[in-house]
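Student: here are the coordinates; sequence isn't available:
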């Protein structure tokens, strides 16, 4: 089907980034969040991202204004999805919450619309099973920060149709992404490999093999990784990474057993940049939280 209107459910870090890419690609874009303040923060983030793009010579002022004009907001999932051809949920990585969203979408979205989950590890097939349109359900795994990261992982569930895959591949390319299509499996491709690297890095830190800074430096300079495993986990969130590891441990076995150190950090509230402290400290973030 031709996609003209895209609804994004959740105006958090991922949702606002997806909305940026959708609007810039020329789609009418509806950004939903139940929190008015989160909506405002999301729109302000998008404005700043466009300004940064202008400063870097990536987009023009005209593109910014045209893109912002394409974005509207909604205060409920029902309102956001009614006219959408493609709905992308970007809520926290909790299956119960995603199932609740898909149930609402199935009831209120128009016939033929596509339901996509921005999950990094959870089952698309399980989400699709609670709808009456499993063939229209798919995974669209974007990466943070969405407006800068080029990869989009398209995840095919058990009953996802070829037409749905093709429509989402086209939408992803139009949003400026390099697309890979994978069959559903726990962790897909990127999360599965990245979780193992990050978990091993925590075991090395726990065993005192090297400092966190030196482990990061080794992988960046020796293996040409753009970010070290600890820089990355602080950006993603240690709680998010732990949740993924726990899911992979349940589904794929002992090689994904979470390192006790990451569990300890999460219990201590050291969640990464968003809390001001993870593996490393972020004084500016901590100051903002206290303000």
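Tutor: Received it, and whenever you're ready, just let me know what you need. Quick caveat: nothing in here was measured; it's all calculated off a predicted structure.
Student: next SSE after the lengthiest helix in the chain?
Tutor: Secondary structure of the chain per DSSP state H: the longest helix is helix 36-55. Using DSSP states H and E, the helix or strand that follows helix 36-55 in sequence is helix 61-69.
Student: Can you name every helix or strand that that following helix contacts?
Tutor: helix 13-24, helix 36-55 (3 or more C-beta pairs under 8 Å, 6 or more residues apart in numbering; DSSP states H and E). (C-beta placed from N, C-alpha, C; glycine too.)
Student: starting at the chain centroid, how far to the longest one?
Tutor: Its chain's average C-alpha position is 17 Å from that of helix 36-55, according to C-alpha atoms, centre = their mean, to the nearest Å.
Student: With the shortest one instead?
Tutor: Here helix 13-24 is found 10 Å from its chain centre; the criterion is C-alpha atoms, centre = their mean.
Student: That helix to helix 61-69, inter-axis angle?
Tutor: Interaxial angle, helix 13-24 versus helix 61-69 (axes from the mean of the first three to the mean of the last three C-alpha atoms, to 10 degrees): 120 degrees.
Student: Which residue ranges of the protein form helices?
Tutor: Secondary structure of the chain (DSSP H): helices located at 13-24, 36-55, 61-69, 77-81, 95-108, 124-129, 162-174, 190-206, 212-222, 229-236, 238-252, 260-267, 283-290.
Student: winner for burial among those?
Tutor: Of the helices of the chain, the one with the most neighbours on average (mean count of other C-beta atoms under 10 Å) is helix 13-24, at a mean of 26.
Student: helices and strands around that one, which ones?
Tutor: Against helix 13-24 (3+ C-beta pairs under 8 Å, 6+ apart) you get strand 5-9, strand 28-32, helix 36-55, helix 61-69.
Student: what's the closest of those to residue 220?
Tutor: Among these, the nearest to residue 220 by C-beta to C-beta is helix 36-55 (23.2 Å).
Student: Tell me who's in contact with residue 183.
Tutor: Residues near residue 183 by C-beta atoms under 8 Å, 6 or more residues apart in numbering: 155-156.
Student: Please apply the same query to residue 163.
Tutor: residue 1.
Student: Please report how far it lies from residue 18.
Tutor: 22 Å (C-beta to C-beta, to the nearest Å).
Student: before we move on, what about residue 187?
Tutor: Taken as C-beta to C-beta, the span from residue 187 to residue 18 is 21 Å.
Student: repeat for residue 155
Tutor: 15 Å.
Student: how about low-confidence regions in the stretch 151-291 of the chain?
Tutor: By pLDDT under 70, the low-scoring segments of the stretch 151-291 of the chain are 284-291.
Student: again, only this time at 90
Tutor: Low-confidence segments of the stretch 151-291 of the chain (pLDDT under 90): 185-191, 236, 283-291.
Student: now the stretch 1-150 of the chain
Tutor: Those would be 1-2, 92-93, 120-121, 144-145, 148, if you go by pLDDT under 90 across the stretch 1-150 of the chain.
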